[in-house]
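>>> Next comes the sequence, and after it the predicted model I'd like to discuss.
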Amino acid sequence: MVYEALDFYDIDSLLTEEERMVRDMVRDWVEDRVLPNIEDACRDGVFPDEWRAEIGEMGILGAPLKGYGCPGLSYIAYGLICQELERGDSGVRSFASVQGSLAMYPIWDFGSEEQKEKYLPGMAKGDLVGCFGLTEPDYGSNPGDMITRAEDKGDHFLLNGAKMWITNGTIADLAIVWAKLEGDIRGFIVEKGDEGFSAPEMKGKHSLKASVTSELVFQDCKIPKDRMLPSVKGLRGPFSCLNNARFGISWGAVGAAQSCFNSAREYALSRIQFGHPIASFQLVQNKLSWMLREITKGQLLAYHIGKKKDDGSWIPEQISLAKMNNVDMALEIARMSRDIHGANGILDEYPVMRHMANLESVKTYEGTHDIHNLILGRHITGIQSFTREP
Amino acid sequence: MGVAVLLKQVPDTTAKISISGGKVDESSIAKWAISPYDEYALESAIQLKESGFGDVVAITCGPSRAAKCLTEAAAVGADRLIHILTESTLDSIQVQSLLSASVKETGCDLVMCGKQAADTNSGSTGPGLASTLGFSFVGGVTRVSVNGGLASATRLGPSGLEEVEVGGPCVFTFDKGESELRRPNVRGIMMAKKKPIDSLSPEDLGVNGTNSLVIIKDHSSPPEKQPGQKFIGSESIPEVVEKLREEANVI
Ligand SMILES: Cc1cc2nc3c(=O)[nH]c(=O)nc-3n(C[C@H](O)[C@H](O)[C@H](O)COP(=O)(O)OP(=O)(O)OC[C@H]3O[C@@H](n4cnc5c(N)ncnc54)[C@H](O)[C@@H]3O)c2cc1C
């Protein structure tokens, strides 16, 4: 049956024709290519290479970036792309988020002209895959204390250290690596095949199984001098990438929640217990109405922050709120939907358990739920509570 | 030179249809789409263009919502878009006279469309148009190529796959073919949005509103499908065999 995405407040009517067409294109692709194959991809723990190529052909990577072969779409369109991809699977949205917001964006904003021309057109087409190395084994929420170091050796840089939990790492042609050079955090472009660089895959995930997660290891990794991103220094570099990716996640979470809601509604209407569809029981209706309410609020948050991204009037704390709220609501809806499906909810015939497991990662990455609480807490009180030192 | 492709907007084949007062309740339809066989015609027309043949002119006849299928066609490569704007339901003859008037206006002498529309299933547009225009007609094709002045088409005929060669103007109707339908991409969508749609009224085309000679007298829904039956365990094998033989007549 045709997929009817929940849109209780008619957000659709606020979109431009172009935004709707892009949304429908991605929605059709997800229906045709992702939904029939996602369970196999999860079982095999792979991100199918055809998906990379087809996402590239659609021309949606780096959606809001302009020039250098990038699409130049609105932030609303970028949000819709994330929503539709994540309605399929958070792993597919992760691929696009990392490529666009975490790898293309820093080159586009902080790269030299040569770097932009060298990498962006191929990345926009999906011919070159990028990854983003910030998290380390000992530094997750607190990346400022990272250990990875770069040394200026006159005619080259030498990188030493390790990154962990890096999406797309093993399949990436290039990595944006954040490392300290004389005490300052700087961004470096490390290419696959660079001496002293390896990216072994991390196995055994119960979540985001169709997404590749890797370590990045640098042992006297030698890279040419022109691989440093010239125009950013300090945590502002990685954090500005994260702002864009978090924005996309606030929409993506809506997609996952819409998928769980639809499945719960259909199931509740067809499942008969005590002689009646379970949808006719007040407790089940209460759950469905709660889902409708939370998704609708999440959509309005996402849409509004999208408009603010488009007109430039946003602040990072507003994105924190949208990411935190929407992932939280999506996870709760996935759990509730799983409950409505009874035992069937644990089967791979329904998308809910997969979304639920995926959303656990989404809750943690791009700033954990509580780190966003702390960001808002600092905004409200003016007092930072990340660390006990003044 | 060029190919005119006729596109009809129909309810998506997976959309739920509800009937009220003997008519499809359009407001209940969640998704409209280009009729599937027309999509094969469009794909073939774009392939022809890529092989060096002229422009693709996409034509639709229908209410204002139908403009969407023209923009979708432009997103995958249609060059010119014509919308014959009609708000009332027309019979086949009326549709054919409007379409043939617009094909004449474009000067195209190849016309492609689906072998039938997914909603009405009547299959009259292609042959009817060929007769109004005085063009040749080849039905149920899966591929068309043009070499010199000759068009050749592949179709499933009584002797297997037939290669049919036609000289001169022709209408081809399409069956589901082997070719994979192309997806739009962002670049196509951005260009499509800028492409103007020539919106024409029947009067613009010199076709006067004749009264429909066909009316639907009665209508009934097909019988509900019988629910399936479940058989569990090896003891039910004889019963299943018996039913397959006597009721389903498959063994
Ligand atoms: C599937 C997956 C993909 C990922 N992809 C990438 C990637 O591509 N690139 C990348 O760089 N990273 C990536 N990450 C890493 C992710 O960003 C980190 O896991 C995240 O920042 C949290 O770090 P951590 O896991 O070390 O948890 P920790 O920082 O150790 O946090 C553990 C818990 O402590 C809480 N906590 C920490 N500090 C405080 C505090 N001050 N006050 C209160 N509570 C606190 C946290 O909220 C959390 O609940 C990925 C992670 C996953 C799971």
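It's in. What you see is a predicted model, and the numbers here were worked out from it, not measured in a lab.

>>> Residue 137 - how many residues pack around it?
Just going to use chain A. 12 (other C-beta atoms under 10 Å in any protein chain shown). (Each C-beta comes from the backbone N, C-alpha and C, glycine too.)

>>> Not quite, go with chain B.
Residues near B:F137, counting by other C-beta under 10 Å, number 17.

>>> Stretch B:120-128 - what's its average pLDDT?
Stretch B:120-128 comes out with an average pLDDT of 92.

>>> and that stretch, which residues are buried?
Under the neighbour-count criterion of 16 or more other C-beta atoms under 10 Å in any protein chain shown, stretch B:120-128 has B:123, B:125-126, B:128 buried.

>>> likewise stretch A:6-13?
Result for stretch A:6-13 [16+ other C-beta under 10 Å]: buried residues A:6, A:11.

>>> So which of the buried residues of stretch B:120-128 would count as near the ligand as well?
Applying C-beta under 6 Å from any ligand atom, the subset of the buried residues of stretch B:120-128 adjacent to the ligand is empty.

>>> Would you verify that A:E39 is located in a strand?
No: in this structure, A:E39 is helix, not part of a strand, as judged by DSSP: H, G, I helix; E, B strand; the rest coil.

>>> Hmm, it is touching A:D348, no?
Yes: with contact defined as C-beta atoms under 8 Å, A:E39 reaches A:D348; the gap is 4.6 Å.

>>> Tell me, how many residues neighbour whatever residue of the stretch 1-150 of chain A ends up closest to the ligand?
Nearest residue of the stretch 1-150 of chain A to the ligand: A:G140, at 1.7 Å (C-beta to the nearest ligand atom). By other C-beta under 10 Å, the residues close to A:G140 number 15.

>>> ok, it - contacts?
Counting by C-beta atoms under 8 Å, 6 or more residues apart in numbering or on different chains, A:G140 makes contact with A:165, A:368.

>>> Low-confidence ranges, the stretch 151-251 of chain B, go.
Within the stretch 151-251 of chain B, the segments meeting pLDDT under 70 span B:209-211.

>>> Nearest to the ligand: which residue in it?
For the stretch 151-251 of chain B, C-beta to the nearest ligand atom, closest residue to the ligand: B:V186, 24.2 Å.

>>> What residues does that residue make contact with?
Contacts for B:V186 were tallied using C-beta under 8 Å, 6+ apart; they are A:22, A:25, A:58-60, A:63, A:71, A:73.

>>> and the gap between it and A:C70?
Using C-beta to C-beta, to the nearest Å, we find B:V186 at a distance of 10 Å from A:C70.

>>> ditto for A:T368
30 Å.

>>> higher neighbour count, these two?
A:C70 (23 against 14).

>>> Do you have the helices of chain A handy? List them.
For chain A, applying DSSP state H gives helices covering A:17-29, A:38-44, A:49-58, A:75-88, A:90-97, A:105-110, A:113-124, A:236-270, A:282-311, A:316-340, A:352-364, A:369-381.

>>> again with the stretch 1-150 of chain B
Using DSSP state H, counting those that start in this stretch, the helices of the stretch 1-150 of chain B run over B:36-50, B:67-75, B:92-106, B:125-133.

>>> Need the residues touching each of B:V186 and A:C70.
Joint contacts of B:V186 and A:C70 (C-beta under 8 Å, 6+ apart) are A:A63.

>>> From A:M123, how far out is the closest residue to chain A within chain B?
Going by C-beta to the nearest C-beta, chain A is nearest to B:V186 of chain B, at 3.6 Å. Counting by C-beta to C-beta, the gap from B:V186 to A:M123 is 14 Å.

>>> low pLDDT regions in the stretch 1-150 of chain A?
Ranges of the stretch 1-150 of chain A meeting pLDDT under 70: none found.

>>> For A:L331, which non-adjacent residue is closest in space?
Spatial nearest neighbour of A:L331, excluding adjacent residues (C-beta to C-beta, 6 or more residues apart in numbering or on different chains): A:L359 at 4.3 Å.

>>> For the nearest residue to B:G107 once chain neighbours are set aside, grab the count of nearby residues.
If the residues on either side of it in the chain are set aside, B:G107 comes closest to B:G2, at 7.4 Å by C-beta to C-beta, 6+ apart. Residues near B:G2, counting by other C-beta under 10 Å, number 19.
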